[in-house]
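**Q** The sequence and its predicted three-dimensional model are supplied below.
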Amino acid sequence: EYVDIVYTMLKPGGVFINFGPLLYHWSGPAMRPDDASQDAYRARFGYLDRRYMESIDISWADFREVLLNMGFDILEERVGIRALYTADQKSMMNMAYRCVNFVAKKKTKTNMIITTT
């Protein structure tokens, strides 16, 4: 859904630049040990938008294929860049992501391959 929106917003030849974790999804609350089943978990959070329960985490390899199939060319990519999130310099605790940095260019009509089945 997010990538569709970015793709639609860009003109042919436009550039999509990303640095960060691949969190292009809705993220529901974590399951607890006392959640006896998926059904119990869903019942506890039934008031949430359904997309919270239907989201998936996607790997860079899969996300990269989505970009290519949508009509982007990958110009640059770096994977595994450590970036802190919600870090407190006075605390010993912080959260770090292994991030992806990519630059993808929306194909122009002249460099798109049209296939029909």
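**A** Cool, got the structure. Numbering: from 1, shown residues only.
**Q** in the chain, which spans are helices?
**A** Counting by DSSP state H, residue ranges of the helices within the chain are 2-9, 38-44, 51-54, 60-70.
**Q** Mean confidence (pLDDT) on the longest one, please.
**A** Within the predicted structure, the mean pLDDT of helix 60-70 is 94.
**Q** Contacts only, for residue 70.
**A** 3-4, 7 (CB atoms under 8 Å, 6 or more residues apart in numbering). Yep, even glycine has a C-beta here, placed from its N, CA and C like the rest.
**Q** Run through who's touching the top strand by length along the chain.
**A** Of all segments of type strand in the chain, defined using DSSP state E, the longest is strand 72-85. With CB under 8 Å, 6+ apart as the contact definition, strand 72-85 has outside contacts at 7, 15-16, 19-21, 60, 64, 67-68, 94-107, 111.
**Q** From those residues, keep the buried residues only.
**A** Restricting the contacts of strand 72-85 to buried positions leaves 7, 16, 60, 64, 67, 99-100, 102-107, with burial counted as 16 or more other CB atoms under 10 Å.
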